[in-house]
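Asker: model this:
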Amino acid sequence: MKALNLYVVKYWKPFPQSEYGGLEGYVAENREQVEEMILETVDDWDAEVIFDYKERIQKVVANAQAFVLQDTMTTGLQFKFRT
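Answerer: The predicted structure is shown next:
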């Protein structure tokens, strides 16, 4: 079984497109997998209005804190904290 990490990622949408800020936690094998998970959530409106969304997502994933997990967990979004 491959090692999994918990990545704590800052919410990527800027104000005013999102009035929320916060953190999201993803369990994944690597940063590329986290980026793919976030990109899957981008809808057409976001892609049209936030022209640099891919770069924003790449930046927050690159800056995410990563924690090695000891127990078996499934990949995917584990938590959201938005204000």
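
Asker: Residues contacting the worst-scoring helix or strand of the chain on mean pLDDT, please?
Answerer: Counting by mean pLDDT, DSSP states H and E, the weakest-scoring helix or strand in the chain turns out to be strand 76-82, with a mean of 73. With contacts defined as Cβ atoms under 8 Å, 6 or more residues apart in numbering, strand 76-82 is touched by 6, 11, 20-28, 37. C-beta coordinates here come from the backbone N, C-alpha and C atoms, glycine included.

Asker: in the protein, which spans are helices?
Answerer: Using DSSP state H, the helices of the chain run over residues 31-39, 44-49, 53-62.

Asker: In terms of secondary structure, what does the last one contact?
Answerer: In terms of contacts (3 or more Cβ pairs under 8 Å, 6 or more residues apart in numbering; DSSP states H and E), helix 53-62 is packed against strand 5-10, helix 31-39.

Asker: circling back: PyMOL command to pick out the buried ones of the contacts of strand 76-82?
Answerer: Selecting only the buried entries of the contacts of strand 76-82 in PyMOL, with 16 or more other Cβ atoms under 10 Å as the criterion:
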select buried, resi 6+11+23+24+25+26+27+28+37
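
Asker: Perfect, I'm done here.
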